[in-house]
Structure formats: structure tokens, C-alpha cells
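Colleague: Generate coordinates for the sequence data below:
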Amino acid sequence: MTTRFIHPHHSAPDPPDRSTWQKVRNVSWPFHDQDDNGHARGIPSRTPILIMVWLDFEHDGLCWLPAQAVRWHRDRVCVYLSDDRLAVPYVWVAVTDVQRR
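Modeller: Sure thing, here's the model as predicted:
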């Protein structure tokens with residue numbers, strides 16, 4: 001077993017504040033596996049496009065936010081945005097929930 005040494009004058013970064021995280025109710029994965037888990041394996045990243053996206057947060061409701069479309073497939077879009085309510089900065093949504101800026 002390896003012990004990680006932290007120099008006394010340095011500290012590890014604070015863990016993320018999970019209390020701000022909210023579920024996004026309009027998540028829409030492009031594919032589902034045999035256990036009905038959403039995934040996007042095999043869809044390549046693309047040159048980002050500036051967009052606006054509707055996200056429906058479990059506590060805050062609908063929000064119209066600036067983002068970037070970074071992957072897409074048929075009628076689904078993967079958007080990248082920085083928002084404290086998201087556990088990760090990527091969300092898949094239906095193409096009807098985005099608009100070019």
C-alpha cells in the first residue's frame with residue numbers, strides 16, 4: 001500500500017460541494033444498453049458550436065443557459081457547460097432543447 005504524502009505547506013483541493021448538485025430532468029441519452037442505461041459510446045467529439053440550452057433542474061426548474069454543443073447524433077446533443085448544479089459539465093439533451101447563439 002502506498003501512502004500519499006502532502007507537504008505541510010500545501011493542501012489537497014477541497015472536495016466538490018455536492019449540496020449544490022441537482023438532477024437534470026430533461027436528460028436524453030442517444031443510446032440505451034440491455035439494462036436500459038444511457039450511453040453515447042462511439043459518438044465522436046466535434047468542433048464546439050456556441051448554443052443556448054434549456055435544462056430542467058429538479059429544484060430550480062427550467063433554465064436557459066449558454067453552452068457548447070460538442071457531440072451530436074440524430075436528435076440528441078451533448079452540451080458542455082460549467083454550472084455548480086451539475087455533477088459533471090456534460091449533459092445529453094434532445095435537439096429541440098438547444099438553439100444556436
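
Colleague: what's the longest strand along the chain in contact with?
Modeller: Using DSSP state E to assign secondary structure, the strand with the most residues in the chain is strand 61-73. For strand 61-73, the external contacting residues (Cβ atoms under 8 Å, 6 or more residues apart in numbering) are 30, 40, 43-46, 48-57, 77-81, 83, 90, 95, 98, 101. Where C-beta positions appear, they are placed from N, C-alpha and C, glycine not excepted.

Colleague: the inter-axis angle of the helix or strand following it versus strand 61-73?
Modeller: Of the helices and strands lying after strand 61-73 in sequence (DSSP states H and E), the nearest is strand 76-80. Our comparison of strand 76-80 with strand 61-73, counting by axes from the mean of the first three to the mean of the last three Cα atoms, to 10 degrees, yields an angle of 110 degrees.

Colleague: What pairs with strand 76-80, parallel or antiparallel?
Modeller: As defined by DSSP bridges, the strand partners of strand 76-80 come to strand 61-73 (antiparallel), strand 90-94 (antiparallel).

Colleague: Okay, now the unreliable bits of this protein?
Modeller: Counting by pLDDT under 70, the ranges of the chain that qualify are 1-13, 15.

Colleague: All the strands of it, in order from the start?
Modeller: For the chain, the strands defined by DSSP E cover 31-32, 38-39, 49-57, 61-73, 76-80, 90-94, 98-100.

Colleague: Out of these, which is the most enclosed?
Modeller: Among the strands of the chain, ranked by average contacts under mean count of other Cβ atoms under 10 Å, first place goes to strand 76-80 (a mean of 21).

Colleague: quick one: contacts of it?
Modeller: Residues outside strand 76-80 that contact it (Cβ under 8 Å, 6+ apart): 28-30, 40, 43, 48, 51, 53, 67-72, 89-95, 97-98.

Colleague: For Trp29, give its distance to Arg71.
Modeller: The span separating Trp29 from Arg71 equals 12 Å under the rule Cβ to Cβ, to the nearest Å.
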